[in-house]
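Enquirer: starting from these lines, generate the structure:
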Amino acid sequence: MSNVIKIEATSKTPMVHFDPSTGSLEIKGRSIPENSVEFYKPLMDALDKYAQSPKAETIVKVQLEYFNTSSSKCILDFFKKLESMNNKGTKVTVNWYYEEDDEDMQEAGEDYQTIINLPFQMHVVKE
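Expert: Numbers count the residues shown, from 1 in each chain. Predicted coordinates for the structure are as follows:
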């Protein structure tokens with residue numbers, strides 16, 4: 001049942017790697033796709049499937065340099081799916097990475113943290 005999702009990063013879309021067999025999910029790079037909903041749909045579908053029988057622990061790493069408004073909505077929806085899993089007993093941990101001088105990304109992580117009831121760990125990335 002290997003529904004691994006691997007999307008290579010481009011100048012407009014982040015690298016996405018989701019391995020349901022290990023419960024690890026990573027999103028890294030820039031997220032300014034022309035159609036965010038379309039770009040994130042495979043991940044959302046995979047998460048829906050995964051949520052039916054998730055691992056005991058799901059580890060999420062998010063390290064975005066930049067994302068646009070439509071991406072932020074998709075990311076919020078993505079966190080809501082994880083929050084729902086977390087509420088049902090799966091341990092979900094979100095690791096939010098940002099560069100030390102990137103206040104926008106730090107604030108974005110903090111904003112998601114206030115909206116979503118998930119354990120967030122903020123990590124500063126040294127340049």
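Enquirer: and M122, that one's in a strand?
Expert: Yes - assignment of M122 by DSSP: H, G, I helix; E, B strand; the rest coil places it within a strand.
Enquirer: any idea how far Q106 is from it?
Expert: For M122, the distance to Q106 equals 7 Å [CB to CB, to the nearest Å]. For the C-beta atoms, the positions are set from N, CA and C on the backbone; glycine is no exception.
Enquirer: surely K61 is in contact with K28?
Expert: Yes - contact criterion CB atoms under 8 Å: K61 and K28 qualify, at 7.3 Å.
Enquirer: restricting to C-alpha, output stretch 104-117 in PDB.
Expert: In PDB, the C-alpha atoms belonging to stretch 104-117 read as follows (Å, rounded to 0.1, in the frame of the first residue of the first chain):
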ATOM      1  CA  ASP A 104       7.000  36.700   7.600                       C
ATOM      2  CA  MET A 105       7.400  33.000   7.700                       C
ATOM      3  CA  GLN A 106       7.900  33.000  11.500                       C
ATOM      4  CA  GLU A 107       4.600  34.900  11.900                       C
ATOM      5  CA  ALA A 108       2.800  32.700   9.400                       C
ATOM      6  CA  GLY A 109       3.800  29.700  11.500                       C
ATOM      7  CA  GLU A 110       2.600  31.400  14.600                       C
ATOM      8  CA  ASP A 111      -0.700  32.400  12.900                       C
ATOM      9  CA  TYR A 112      -1.300  28.800  12.000                       C
ATOM     10  CA  GLN A 113      -0.500  27.800  15.500                       C
ATOM     11  CA  THR A 114      -3.200  30.000  16.900                       C
ATOM     12  CA  ILE A 115      -5.800  28.800  14.400                       C
ATOM     13  CA  ILE A 116      -5.100  25.100  14.500                       C
ATOM     14  CA  ASN A 117      -5.100  23.000  17.600                       C
END
